[in-house]
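> attaching a predicted model along with its sequence, questions to come.
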Amino acid sequence: MSHHFLRFTDVHYSYPDGYEALRGVDFLITHGEKVALLGLNGAGKSTILLHSNGLLLPTSGEVNVGGIPVTKKTLSVVRQSVGMVFQNADDQLFMPTVEEDVAFGPLNMGLEGDEVERRVAMALDRVGASDLRKRSPLRLSGGQKKRVAIATVLSMEPSILVLDEPTAELDLEARRQVCGIVSAFQHTCVIATHDMDLARQLCDRAIVITDGRVTDDGPVGPVTAAFEQSV
Ligand SMILES: Nc1ncnc2c1ncn2[C@@H]1O[C@H](COP(=O)(O)OP(=O)(O)O)[C@@H](O)[C@H]1O
Ligand SMILES: [Mg+2]
């Protein structure tokens, strides 16, 4: 499984208005690593995550997932390996029922009947949301929405799970549930977060982003401590 790596090589990205949000980002995340992405608001964390599955493509440099450069042509393959959970669950949930949202990815991958059902049941079970199956996503609590949003990604059985501030605005119980779900995920995981306790609890390694560049990268303990000192 060592081919499930995520590598950024000198990635630059300018938004359409010309703002250069990424200014030469380099890192290699290897299979099974759990990595926290730290940085102040506006540092470029979300922009990096959006590059990991091709929702944004670099202005220059390369993003590579398991040996495949992320380009327009490889998007469908890349999106099967990299599952992205957005900061706002409402951006991820758009079907009339929870089960349809969770089935959407597998159906889109061309899977059918029993296999889709197996994946929906598995993903809902992993996030403890089997009882929410027939509900409308719109009517769920914040914590329930977040768990279902994670299920919509787990149903694609990604080898790399990417989460943008997964515990922002969750109460303690929902936060604990999200922590449990992420720690049970056995493959590679990248988590952008302001929550240093979460980073230390779930991650082995932390990467600090400052003004669109990597400014620190190492074991989570020392890196979070230095980051807290610096802000
Ligand atoms: N759609 C956009 N158009 C122009 N600039 C943007 C856009 N989205 C984000 N930015 C800018 O890019 C920088 C990085 O943003 P972002 O990746 O969201 O940071 P973070 O997630 O670390 O808070 C910020 O300065 C932000 O204002
Ligand atoms: Mg962000």
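Received it, and whenever you're ready, just let me know what you need. Ligands and ions are numbered 1, 2, ... in the order given.
> hey, let's count contacts and neighbours off CA atoms from now on
Noted.
> which residues touch the lowest-mean-pLDDT helix or strand in the chain?
Of all helical and strand segments in the chain, the minimum by mean pLDDT, DSSP states H and E falls on helix 75-81, at a mean of 92. Helix 75-81 has contacts (C-alpha atoms under 8 Å, 6 or more residues apart in numbering) with 53-54, 65, 68, 70, 109, 156-160.
> swap in 10 Å and give it another go.
For helix 75-81, the surrounding residues in contact (C-alpha atoms under 10 Å, 6 or more residues apart in numbering) are 4, 52-55, 57, 64-66, 68-72, 105-106, 108-109, 153, 156-161.
> what is the distance between the helix or strand harbouring residue 215 and the centre of its chain?
In the assignment (DSSP states H and E), residue 215 maps to strand 213-219. Centroid separation for strand 213-219 versus its chain: 19 Å, with C-alpha atoms, centre = their mean, to the nearest Å.
> can you pull out the strands in the protein?
For the chain, the strands defined by DSSP state E cover 6-14, 20-29, 34-38, 60-65, 68-69, 82-85, 160-164, 188-192, 205-210, 213-219.
> quick one: buried residues of stretch 173-193?
Residues of stretch 173-193 classed as buried by neighbour count (16 or more other C-alpha atoms under 10 Å): 174-175, 177-179, 181-182, 185, 187-193.
> now check that stretch, is it near ligand 1?
No. For stretch 173-193 and ligand 1, the contact criterion (C-alpha under 6 Å from any ligand atom) is not met; the two come no nearer than 7.6 Å.
> now do the same for the residue nearest the centre of the chain: its pLDDT.
Centroid-nearest residue in the chain, with C-alpha atoms, centre = their mean: residue 162, separated by 1.6 Å. Note on residue 162: pLDDT of 97.
> please renumber the chain so that the first residue is 21 from this point on.
Sure, I'll start counting at 21 from here, so that last one is residue 182.
> next one: it from residue 49, what distance?
Applying C-alpha to C-alpha, to the nearest Å, the value for residue 182 to residue 49 is 12 Å.
> check residue 231 too.
Spatial separation of residue 231 from residue 49 under the definition C-alpha to C-alpha is 21 Å.
> which positions in the protein make contact with ligand 1?
Checking the chain against ligand 1 by C-alpha under 6 Å from any ligand atom, the hits are 35, 37, 39, 41, 59-67.
> just the buried subset of those residues, written out for PyMOL, thanks.
A single PyMOL command suffices to select whichever of the residues of the chain next to ligand 1 are buried according to 16+ other C-alpha under 10 Å:
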select buried, resi 41+59+63+64+65+66+67
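> and the spatially closest residue to residue 165 that is not a sequence neighbour, what does it touch?
Among residues not flanking residue 165 along the chain, residue 109 sits closest, at 6.0 Å (C-alpha to C-alpha, 6 or more residues apart in numbering). Counting by C-alpha under 10 Å, 6+ apart, residue 109 touches 157-158, 162-170, 186.
> what's the overlap in contacts for residue 182 and residue 49?
Residues touching both residue 182 and residue 49 (C-alpha under 10 Å, 6+ apart): 55, 208-210.
> show me the shaky parts of this structure.
Applying pLDDT under 70 to the chain flags the ranges 21-23.
> circling back to that earlier point, just curious, which of the shared contacts of residue 182 and residue 49 is nearest to ligand 1?
Using C-alpha to the nearest ligand atom, residue 210 comes nearest to ligand 1 of these, at 13.2 Å.
> so what's the closest one up against?
Shown in contact with residue 210 (C-alpha under 10 Å, 6+ apart): 26, 49, 53-57, 69, 72, 104, 180-184, 223, 225-227.
> all set, thanks.
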